[in-house]
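Undergrad: Show me how the following folds:
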Amino acid sequence: MAGQLLRQLKIGNVILKNNIILAPMAGISDLPFRLLCKEQGAGLLGMEMVSAKAIMYNSKNTEVLMEIHPKEGPVSLQLFGSDADIISEMAKRIEERPFAILDINMGCPVPKVVNNGEGSALMNNPSLVREIISKTVKAIRKPVTVKIRKGFDGEHVNAVEIAKVAEDAGAAAIAVHGRTREELYSGWADWDIIAQVKRAVGIPVIGNGDVTDGRSAKKMLEETGCDGVMIGRAARGNPWIFREAAAYLKNGEMIGRPDPKEIRETILRHAALQIRYKGEYVGIREMRKHVSWYTAGCPNSARFRGRLNEMETMEDLCKGIEEIFSSGQQGGLYE
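TA: Presented below is the predicted three-dimensional model:
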């Protein structure tokens with residue numbers, strides 16, 4: 001049974017090597033981090049969400065967000081917005097870029113997005129959902145997918161309705177996060193709503209929420225019948241989760257956590273990639289949160305985390321990493 005759970009996944013005309021997917025996460029699933037997740041076996045890489053309006057206005061920051069490395073494919077580029085014409089027109093404008101799938105964000109819970117009627121706010125307007133998807137599907141040749149939540153709040157749980165609308169409008173797949181917008185990321189994700197969506201539509205359904213390792217990935221696939229799993233927060237500081245989940249789904253093999261040497265080397269590689277693509281000033285500052293995640297739960301990690309905000313250069317980071325990962329020095333993270 002386990003061997004059948006790790007499989008290729010077909011989304012439109014795109015065939016993924018496996019059905020374990022990196023979720024699109026603002027400020028996290030950027031190009032450097034995606035490359036690391038790709039190396040660890042992620043079948044599809046979700047890019048950071050991009051504003052359709054920002055593309056229209058030729059935002060330089062947005063141009064950086066849309067950069068794709070030749071070795072990371074397949075990737076899914078995610079747009080957000082609430083104007084069907086702008087989303088579809090911008091999708092057409094960028095279609096020649098090297099992404100495989102275009103995803104439309106209908107699940108972001110961030111207030112500044114929701115207050116503009118975008119992200120998860122769209123789940124309150126099924127007719128607009130239909131218009132956005134249908135116009136975008138007609139505008140481009142690449143598969144169009146949608147990411148939604150269980151509903152906007154506990155009084156409006158309508159993931160099944162929205163999924164049916166999405167399928168009817170031409171969506172090639174749908175990802176479902178088992179929490180409402182109101183719940184944000186608190187409590188436990190409702191996997192039953194994922195199962196309900198899977199039973200209601202014929203397109204691939206990707207489950208999202210509380211997949212933290214191989215066991216939970218297997219459990220979600222078995223309990224919901226979904227076609228793939230999407231991993232978000234559990235991948236922060238842990239790109240190895242993709243190889244671990246793949247091994248467990250393939251043959252039930254439990255791969256051990258990376259040793260200190262591999263963690264250290266990955267942090268330094270991650271930092272080097274950040275600097276290459278974003279420069280030292282931005283890259284090292286963005287690495288602070290990643291290093292915090294990489295070292296979470298390790299001995300002395302709390303003490304080290306207090307020093308992270310003092311790191312401003314690659315030299316600072318290297319010195320700090322060498323110190324905390326040195327087993328021979330007093331106060332080392334892994335002494």
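Undergrad: for the host helix or strand of residue 162, which positions count as buried?
TA: Counting by DSSP states H and E, the element that carries residue 162 is helix 159-169. For helix 159-169, the neighbour count (16 or more other Cβ atoms under 10 Å) marks 159, 160, 161, 162, 163, 164, 165, 166, 167, 169 as buried. Using the backbone N, CA and C atoms, a C-beta is placed for each residue, glycine as well.
Undergrad: ok, of these, which one's closest to residue 236?
TA: The shortest distance between residue 236 and any of these, using Cβ to Cβ, involves residue 159 and amounts to 24.9 Å.
Undergrad: doesn't residue 148 make contact with the closest one?
TA: Yes. With the criterion set as Cβ atoms under 8 Å, residue 159 and residue 148 qualify as a contacting pair; they are 5.9 Å apart.
Undergrad: Can you work out which residues contact both of the two?
TA: A shared contact of residue 159 and residue 148, defined by Cβ atoms under 8 Å, 6 or more residues apart in numbering, is any residue touching both; here these are 123, 176.
Undergrad: check contacts around residue 268.
TA: With contacts defined as Cβ under 8 Å, 6+ apart, residue 268 is in contact with 317, 318, 321.
Undergrad: same question, residue 207
TA: Contact partners of residue 207, counting by Cβ under 8 Å, 6+ apart, are 175, 176, 178, 191, 194, 220, 221, 224, 226, 228, 229, 230.
Undergrad: For beta bridges, what are the partners of it?
TA: Taking DSSP bridges as the rule, residue 207 bridges to residue 176, residue 229.
Undergrad: any idea how far the closest residue to residue 128 other than its chain neighbours is from residue 157?
TA: Nearest in space to residue 128, with sequence neighbours left out and distances taken as Cβ to Cβ, 6 or more residues apart in numbering, is residue 122 at 6.2 Å. From residue 122 over to residue 157 the distance is 15 Å, taken as Cβ to Cβ, to the nearest Å.
Undergrad: So these two - more neighbours on which side?
TA: In terms of neighbours (other Cβ atoms under 10 Å), residue 122 is the more surrounded of residue 122 and residue 157; the figures are 25 against 17.
Undergrad: And the pLDDT at the more buried one?
TA: Reported pLDDT at residue 122 in the predicted model: 97.
Undergrad: show me the contacts for it.
TA: Contact criterion Cβ under 8 Å, 6+ apart gives 82, 106, 128, 129, 132 as the residues in contact with residue 122.
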